[in-house]
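> Sharing a model that was predicted from the sequence below.
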Amino acid sequence: MELPIIAGTRPIILELPAGTYYWCSCGRSKTQPWCDGSHAGTGLSPREVVLPADQRVAMCTCKQTKNSPFCDGSHKAL
């Protein structure tokens, strides 16, 4: 399994409606923070995110968070 690539050094803040989303865990997606299938062959998989209600979220782009898919400030140590 390959390690994730750092896609960014700041979270992406979004206002999302309730629903199901797929967060890119590999860092290769061109549609950050969402999966576009670029993980194929890496051994990494997108993470399903289910929001039961409309929500403001900070999505991790550094892929180092311990609270995936949400930012936990890990990018500050990069």
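Received it, and whenever you're ready, just let me know what you need.
> how many other residues sit next to residue 56?
Close neighbours of residue 56, defined as other CB atoms under 10 Å, add up to 8. (Each C-beta comes from the backbone N, C-alpha and C, glycine too.)
> Verify the contact between it and residue 11 for me.
No - shown here, residue 56 and residue 11 do not form a contact pair, counting by CB atoms under 8 Å, at 11.4 Å.
> where does the chain have low pLDDT?
For the chain, no stretch has pLDDT under 70.
> Do you have the strands of it handy? List them.
For the chain, applying DSSP state E gives strands covering 12-16, 19-23, 47-51, 55-59.
> And those: which comes nearest residue 66?
Set against residue 66 and scored by CB to CB, these come closest in strand 47-51, at 13.1 Å.
> Give the closest residue to residue 47 in space, chain neighbours not counted.
residue 23 (4.6 Å; CB to CB, 6 or more residues apart in numbering).
> and the one you found, what are its bridge partners?
In this entry, residue 23 is beta-bridged to residue 34, residue 47, by DSSP bridges.
> Enumerate every residue touching it.
33, 34, 35, 46, 47, 48, 49, 59, 60, 68, 69 (CB atoms under 8 Å, 6 or more residues apart in numbering).
> which pair in those spans the largest distance?
Largest separation among the contacts of residue 23 by CB to CB: 48 and 60, giving 14.9 Å.
> Quick check on the two: which one has the bigger neighbour count.
Taking other CB under 10 Å, residue 48 and residue 60 do not tie; residue 60 has more neighbours (29 against 11).
> That one and residue 9, how far apart?
11 Å (CB to CB, to the nearest Å).
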